[in-house]
Every structure is written in structure tokens, then in C-alpha cells.
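Trainee: Next one to model:
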Amino acid sequence: MKFINIKTIALVAVASLGLTACDDFLDRPTIDNYNADNYYSSDTECLSGTSYLYSTPWSDFTRTYIKVGEILSGNYYQGDKDLAGKLLNFTVDASDNELLEMANSLWAVVGHSNMVYRYIKGSTGASEAVKNQAMGECLTLKSAAYFFLVRAYGEVPIIHDNAAEIAASTYNTLPKVKKADVYEYIIMTLEKAIELLPETPMQAGRIDKAAAEGLLAKVYLTKAGVSGAINTEDLNKAIQYARACIAHPNHSLMPEYSDLFRLANNINPETLIAWRWNSSNNEWTDQSFMQNDYAPKGFGDDDCWGQWAGMGTSLQEEFGIKLLEQTPEIWLNNRDKRLKATMMLPGFKYDYFWTDKGGFDMLKFIYDAKYNPSVEINDEKQPWLASPTGSWPVKHLYGNNADHTAGVGYPAARMANSLSTPLLRLADVYLVLAEAKTILANPTSPQSASTNDSEALNAINAVRVRAGLPALSTVRFADIWKERRLELAFEGDRWYDYVRVSYYNPDFCANELRTQKRNVIGNGTLDVIYRNYYNTGDWVVPATAEYDTKTPAPVVENLMKEDPDSHKKYFVLPFTARDVIFNPNLASNAEAQHVDVRETYSY
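Mentor: Take a look at the predicted model:
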């Protein structure tokens, strides 16, 4: 499917907590070249008019999507400066501009979705079937944005109708709403989306009924603990909607895990919701630049700068990899197919990257200046490994221009590619089902829960067997907790697992984060080991090699806030100072209101 950019229509109000050009909580709609009231007058216009919601308003969020989801959770290391360092050390505060852009982007998704929904609902020229498809997409993407907002910031305002807020002049005085009510609002919105969406979308790659059901299952699992204790009714709802999603005949797991993240499979039966990028139209907000942020210099053309970062030591050890204690046979022969598809390690070669050169070789890329003319050079004028953890990510990378052309039929541009970013996959829904069924077996002590329930076992084993691992005969919460980390690593999700569990068991989350290996492996040590392995084939670890223990463990309490109802602490990011200037009700000490969303709002 080709997603058509109609950003120039500029027909939506951007719900923003403070944009540079506007002092209002909601930016007002502008109309350029088109009359928005008349645009959605045909089936074609309704479909094209929702396409940009899969990319443009999300664009700024992509810069923090991985940082928040993966650095905070210990899956990724990106240095100790700027936002990356604050996330690593749990010292994020209200002054960070990147967090401002994150919030602005998510509110933009809400605002755009609201206004497009409003225009399409009022259209008299389009068929009901197409209107329903398009409105269902608006509501699902709005729900996805709110799901990020409530998990990131906790209590947030509800913006149901931009036009109504603007007319009432309440857009910069909206109060925060209690988390439980925000979740109920997301549920209500997704229920309407499920009612509207077709079983099979009108264009491949668009959101369908199963996608909304899968997202709703994940929302219910998260809401189940928001009161401070497990709500079994919510767990049963999570199970109900996960079953419905999994049973959908149009969706199935991809047979090969690594194929999920290839350009040729931008649209596949496992990906339920994704950001859909298109770098061929030269519109900045319609294209992905995630490879540029996370791939090492020289991996693409001349526009990658991720060589100074790396996959976290803690995540490596979760996969069973200890670079200072093992030899390469351990990871080269690792049964878990997800390892190689998630992180580059010495000795790994990839036949789906650099296909015009016979494949990609990690060590040759680091140390052979003919193979990679952009090799990183050290003070001795030699090629060297810059990653302080020894491993770069694989997901969100497409390769070089030849790979991009082979995948989608046209080359990438500078800081622009078309590789879709999955936000919800069927494998995630399988794990939601397994977790809900397992916790249901012991809701008073979820982290001790285990079950032999066949449905839970079938769900987790579908994910494990695809990864090349043996099936389980009993499933424990610990199994699912680990499985989620490995299956969804570097997909921006892991921090929100901690948020979800912190609602009812903050100590479990805090203790795990404090004891993670979140730092680097001794200065230059890995380069010595890797260089010798490349030149001689021998893996020799110097006696002086060590993991950095000098950096103190993060003070996780810095990002925890006490819930006024449950009196348990949960993880939360601060709204920035600029947010609070434009809406004082967002201040950390501002009281959130209870809202009966089903009495207050309707679609």
C-alpha cells in the first residue's frame, strides 16, 4: 500500500502542550490550499485523508520512542550525556526539550485523529463502509497515542473533541484525569473502533478489527493493575480480546522472526499496527530516520551515527551472552533466532544487509577500511570498535541503498527510508494472553504465578518455538517476563512493561532495575578482544577486562510517584516546564480529577 501524504491540506488542529508558534494548549487549525470541510467528499479522499496519520504526527516521537522504551529499561546504552544519559541514570527532569517534543508529538496524534474523525463523520459524499474504515483507523491511532501518554506521564488530560475545546476556550486549562479513567477512555474509544473497523481492511497494511482487538487486550492487561491490585475482570477482558485477535484468519506469526523487519515485508500478517514510512515523496515527516540514529557510521551511505552506542549488557546477558566470560561459539550457535535478529555480535554475518556486496560482516565492517571506507578511527589512526557494549542493534535497519531499492523499488535518501516500524505485533498479543491467563491463576501474588493452562502454554510456546526454543510444559510469570523482553527487544516496549507492573508491584520493578548491568565494558577492552579475534581467530580476554561497576546504580525512585488512591509508587516521566507554563494543571502537584468517561463522552 502506498500511503499518500496530504499534510499540505493542513486540516487538523494539533493538540499540543506547547508548540513554538502557539501559546495555546491546542494549536488552531490552518487551511492551506484546500477547504478541509469539503475535502472528505469521496471514498478516495477518505482513505487518502487518513493515510498520513500513520506517519506525520508521530515523527517527533520516533526520536524518543527507542530512548525511553529501551534506555530506561536497560536494553540500550547511548552514552551518559543529554537525554540518553538522564534516562540511563534516572535523572530526567522538566527541562528536557526532547521530552517536550515527545509529548507534543503524541498530542499531535490525538489532535489530528480527532479532527480527521470529525470531518469524515460529517462527510456526505463517501460510502458508509469507507467512512467506517477511516473513522476506525482514527480512533485506533488516537488510542495508541493515549496508551503511550498515560503510561509515560500517568495522569493526563482527555481531549475528546478539539473543536469543542477551542470553542469553549478551555484548551490550556484542561485538568489532568486519573489514570484509571484515562484507561477507561482508551477502552471506550477502542470499542467504538472495533465496531467500525472491517474484518479485512480496504487496503493492505491498514488497521483492521483484529488490530484494535489486539491493542485493547494489551490495554486491559495494563489497566488490570492500575488500582494497586490485580483486577480479574480486566484480566478476563484481556483474554477475551486477545483470543479474538489471535483467531482472526488474516493474521498469523511470520515463520521466520528476522523477516518481520525487512523492507520487502513492510506489510505482513503479523504486524497489526505500524508506522508506515514513505521516503520517495521527500516529505520530512513521512520518512523514517531510525537507521540513521542507531546504525554505525558507514552502514548506510554517509548518514549513520550510532557507532558510539550499543545493545545493553543486561539484555545481552538475558540472551545468555557474556562477552568477557565466553567464547564466540556460545552466540554463534545460540538456539534463539531472535539474538542475531536483534543485536550484532562479533562473528555475525547477515545475508539480508549489503546484498550487493555478498552480505554484511560485522568484524570486517569494523576493521577493514576497504570494505567500509567510513570505519571509525582511533587516536593511533587505526580502525576500532566504538561501541562501549560491543553490540549494535539490528532492528529498524534496512542496509544500504541497494538493499532499499531491492526492498521497495527505489533508493533511500539522506536520513530517509521507508522501513515500517511495528507498534503492535501478533506475538505481543500471544504474550498478553499468556500473561493474563498466568496471573489469573494467582492474582494476589502475580510474580509468583504459574499455570499448566493449555491456552497459556499454546500462546507462549507459539512465540518460543518460532524463535527456535523448546516448548514449555508449565508457564510462570518469570517465563513471560523474560520472553517479552527477548521477543520485543528494541521495539520501544520494555519500559512500559515496567510501568504496567509498577502499578501493583513497584518493588519488583525497582529492585530489578537497580541490579541490572546498565554500564559499559572497560574502556577499549572489547576493541582489543575483537581486533585479535578478527586478525587471528582467537578469542582472548585480557586479565584486566572488566565490566564498569564504578558508575552507581540508577536511583529509580527519581521517576516514581505515589498514587493518591493506592498509595503505591509507580513509574512516571515529568511533563516539561514548558508544558506546565502553557497548562498549569499539568504540574506534578496538580490534583487529577475523576471523570466518568462513559457519561461524559460519546462517539
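
Trainee: Give me the neighbour count for the residue nearest to Leu315 when sequence neighbours are not counted.
Mentor: Nearest-residue entry for Leu315: Asn75, 4.6 Å, with adjacent residues in sequence omitted and distances by Cβ to Cβ, 6 or more residues apart in numbering. The C-beta positions use only the backbone N, C-alpha and C, and glycine is treated the same way. Other residues near Asn75 come to 29 when the count uses other Cβ atoms under 10 Å.

Trainee: for the spatially most central residue of the chain, what are its contacts?
Mentor: The geometric centre of the chain, computed from its C-alpha atoms, lies nearest to Gly492 (Cα atoms, centre = their mean), at 3.0 Å. By Cβ atoms under 8 Å, 6 or more residues apart in numbering, the contact set of Gly492 is Tyr65, Ile66, Val68, Gly69, Glu70, Leu423.

Trainee: Can you give me the pLDDT of it?
Mentor: For Gly492, the pLDDT comes out at 98.

Trainee: any weak-confidence spans in the stretch 401-550 of the chain?
Mentor: With pLDDT under 70 as the threshold, the stretch 401-550 of the chain has low-confidence stretches at 523.

Trainee: For it, which segments are assigned as helices?
Mentor: Secondary structure of the stretch 401-550 of the chain by DSSP state H, counting those that start in this stretch: the helices cover 401-408, 426-440, 454-467, 477-487, 494-502, 506-514, 525-536.

Trainee: With respect to burial, which of these scores highest?
Mentor: helix 426-440 (a mean of 27; mean count of other Cβ atoms under 10 Å).

Trainee: Give me the neighbour count for Glu128.
Mentor: A count of nearby residues for Glu128, using other Cβ under 10 Å, gives 8.

Trainee: for Gln447, that is, sorry about that
Mentor: Other residues near Gln447 come to 16 when the count uses other Cβ under 10 Å.

Trainee: pretty sure it is touching Asn505, no?
Mentor: Yes - when contacts are counted by Cβ atoms under 8 Å, Gln447 is listed as touching Asn505 (6.1 Å).

Trainee: on that earlier part again, now the helices of the stretch 401-550 of the chain as TSV including distance to Ala94?
Mentor: As requested, the helices of the stretch 401-550 of the chain are arranged in TSV below (distance: least, Cβ to Cβ, whole Å):
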stretch	distance to Ala94
helix 401-408	39
helix 426-440	32
helix 454-467	39
helix 477-487	30
helix 494-502	19
helix 506-514	22
helix 525-536	36
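
Trainee: nearest to Val150, of these?
Mentor: helix 494-502 (9.2 Å; Cβ to Cβ).

Trainee: Report the angle between that closest one and helix 477-487.
Mentor: In terms of direction (axes from the mean of the first three to the mean of the last three Cα atoms, to 10 degrees), helix 494-502 departs from helix 477-487 by 160 degrees.

Trainee: so what secondary structure elements neighbour helix 494-502?
Mentor: Packing partners of helix 494-502 (3 or more Cβ pairs under 8 Å, 6 or more residues apart in numbering; DSSP states H and E): helix 128-153, helix 209-223, helix 477-487, helix 506-514, strand 569-571.

Trainee: just to revisit the earlier point, what's the closest of the helices of the stretch 401-550 of the chain to Gly390?
Mentor: The closest of the helices of the stretch 401-550 of the chain to Gly390 is helix 525-536. By Cβ to Cβ, the value is 4.2 Å.
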